[in-house]
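Chemist: Have a look at this prediction, sequence included:
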Amino acid sequence: MAEGDNGDVSVEYKQSGRLPDFLQSVNLKYVKLGFHYLITHLLTLFLIPIIVVIINEAAQ
């Protein structure tokens, strides 16, 4: 941290130009597994409220 001429404090931050390599850090097997879980349970998550509404309407 350095103090400027007018009394303000400035902070210098040096960032390396490289981003992390996400292809090496994330195992594709787990990405595919998570996507499979999402798709399979998405159908269930959409069907349960629809079935509840249909049963509720039929009971009236």
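Modeler: Cool, the structure landed.
Chemist: pLDDT below threshold where in this protein?
Modeler: Within the chain, the ranges that satisfy pLDDT under 70 run 1-7, 13-16, 22-23.
Chemist: For it, which segments are assigned as helices?
Modeler: 22-25, 28-59 (DSSP state H).
Chemist: In TSV: those, plus distance to Ser10.
Modeler: C-beta coordinates here come from the backbone N, C-alpha and C atoms, glycine included. As requested, those are arranged in TSV below (distance: least, C-beta to C-beta, whole Å):
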stretch	distance to Ser10
helix 22-25	33
helix 28-59	42
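Chemist: So for Val11, which of those helices sits nearest?
Modeler: Of all the helices of the chain, helix 22-25 sits nearest to Val11, with 28.2 Å by C-beta to C-beta.
Chemist: hang on, the earlier thing: could I get the helices of the chain as TSV with distance to Asp8 and mean neighbour count?
Modeler: Listed next are the helices of the chain as TSV, based on distance: least, C-beta to C-beta, whole Å; neighbours: other C-beta atoms under 10 Å:
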stretch	distance to Asp8	mean neighbour count
helix 22-25	38	7
helix 28-59	46	9
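Chemist: out of those helices, which comes closest to Val9?
Modeler: It's helix 22-25; of the helices of the chain, that one is closest to Val9 (C-beta to C-beta) at 35.1 Å.
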